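Visitor: Everything below, folded, please.
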Amino acid sequence: MDNDATGEKQSISYDDPDAPWNKEFSEEEIAGWNDGVITEFRENQGRVGGDYAGATLLLLTTTGAKSGKPHVVPLGALYRGDVMYVSSFIEDRYPAWYHNAKADPRVMIELGGEKFAATADVLTGERYDEFAAWALAENPLLAEYQAKVDKPLPLVVLTRTAPHQP
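Guide: Sure, this is the predicted structure:
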């Protein structure tokens, strides 16, 4: 199992009907889903309530591969030792942030009350194979997800490249 930033083990199931990714939402709700989480995150030094209460979230800002505009998305911060990585549970396609990171790996991360520049390394080849084997063995939630989809689990390692930004 993966540890969150506090070292606590995650214990939610991918099939949990109360998990946010298994709830039904309207098109309007989905379109604005992240807005409230982003606002709450920024107002509370990275802490949020509701479905994500107690989770270690980060805000990842990528540059749109097509638009060239900043794109902010909240994601669960996952760790392999000191290595921070992110993934996704979108089943029918890879998420926009993943495509954006492939096109331009320069990203900004907000974690807790800190904001910093980083590089997003979209794992491929042997590096992906080794990391995915570890992630699936250590994180039952990711393993449950991977067992239900045909495409490989998106895995992106985030590495700090600059100190705190105002």
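Visitor: where along the protein do the strands fall?
Guide: All strands of the chain, identified by DSSP state E, fall at 57-63, 70-76, 78-80, 83-86, 106-111, 114-122, 156-164.
Visitor: Which of these comes out lowest on mean pLDDT?
Guide: Note on these: lowest mean pLDDT is at strand 156-164, with a mean of 86.
Visitor: Which strands or helices does it pack on?
Guide: Secondary-structure packing of strand 156-164 (3 or more C-beta pairs under 8 Å, 6 or more residues apart in numbering; DSSP states H and E): strand 83-86, strand 106-111, strand 114-122. C-betas here are computed from N, CA, C, even on glycine.
Visitor: Can I get those in TSV including distance to residue 159 and mean neighbour count?
Guide: Shown next, in TSV, are the helices and strands packed on strand 156-164 (distance: least, C-beta to C-beta, whole Å; neighbours: other C-beta atoms under 10 Å):
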stretch	distance to residue 159	mean neighbour count
strand 83-86	8	19
strand 106-111	10	20
strand 114-122	5	17
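Visitor: Residue 146: which of those strands is closest?
Guide: With C-beta to C-beta as the measure, strand 83-86 is the member of those nearest residue 146 (14.6 Å).
Visitor: Which elements pack onto the closest one?
Guide: Contacts defined by 3+ C-beta pairs under 8 Å, 6+ apart place strand 83-86 against strand 57-63, strand 78-80, strand 156-164.
Visitor: Go through the second one and flag the buried ones.
Guide: Within strand 78-80, the residues that count as buried by 16 or more other C-beta atoms under 10 Å are residue 78.
Visitor: List the neighbouring strands of it plus their orientation.
Guide: strand 83-86 (antiparallel) (DSSP bridges).
Visitor: Please name the nearest non-neighbouring residue to residue 134.
Guide: Spatially, and ignoring its direct neighbours in sequence, residue 134 is nearest to residue 80 (6.6 Å; C-beta to C-beta, 6 or more residues apart in numbering).
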